[in-house]
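J.: next one to model:
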Amino acid sequence: MDLKILSRRIVDGVSVYEILIEERVLIITASIGHDFDLEKEKGKWGVIEKYIPVFKVL
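T.: Below is the predicted model of the structure:
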């Protein structure tokens, strides 16, 4: 798989990277926090079976 960084921009003080992967453009940025958390009501502390995490949207 060929990866090539097309550009890096600053949007509202956050770095945004545009990366070309084959014929697609992937945009990567930090969320300045987290958007998901483990679902504590399912499994043991949000983990079921061996190591399968169960997430919920915050």
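J.: hey, let's count contacts and neighbours off CA atoms from now on
T.: Noted.
J.: sketch out the low-pLDDT regions of the chain for me.
T.: Where the chain drops to pLDDT under 70, the residues are 1-4, 32, 44-45, 57-58.
J.: what segments of the chain are strands?
T.: 3-11, 14-21, 24-29, 36-38, 47-48, 52-53, 55-57 (DSSP state E).
J.: make CSV out of the ones you listed and add mean neighbour count.
T.: Formatted as CSV, these follow (neighbours: other C-alpha atoms under 10 Å):
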stretch, mean neighbour count
strand 3-11, 11
strand 14-21, 15
strand 24-29, 12
strand 36-38, 13
strand 47-48, 14
strand 52-53, 13
strand 55-57, 12
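J.: thought residue 19 was touching residue 7?
T.: Yes: with contact defined as C-alpha atoms under 8 Å, residue 19 counts as touching residue 7 (7.3 Å).
J.: so what's residue 49 up against?
T.: Under the criterion of C-alpha atoms under 8 Å, 6 or more residues apart in numbering, the contact list for residue 49 reads residue 43.
J.: dump the residue contacts of the nearest residue to residue 53 once chain neighbours are set aside.
T.: Closest residue to residue 53 apart from its sequence neighbours, by C-alpha to C-alpha, 6 or more residues apart in numbering: residue 47 at 4.4 Å. Taking C-alpha under 8 Å, 6+ apart, we find residue 47 in contact with 38, 53-54.
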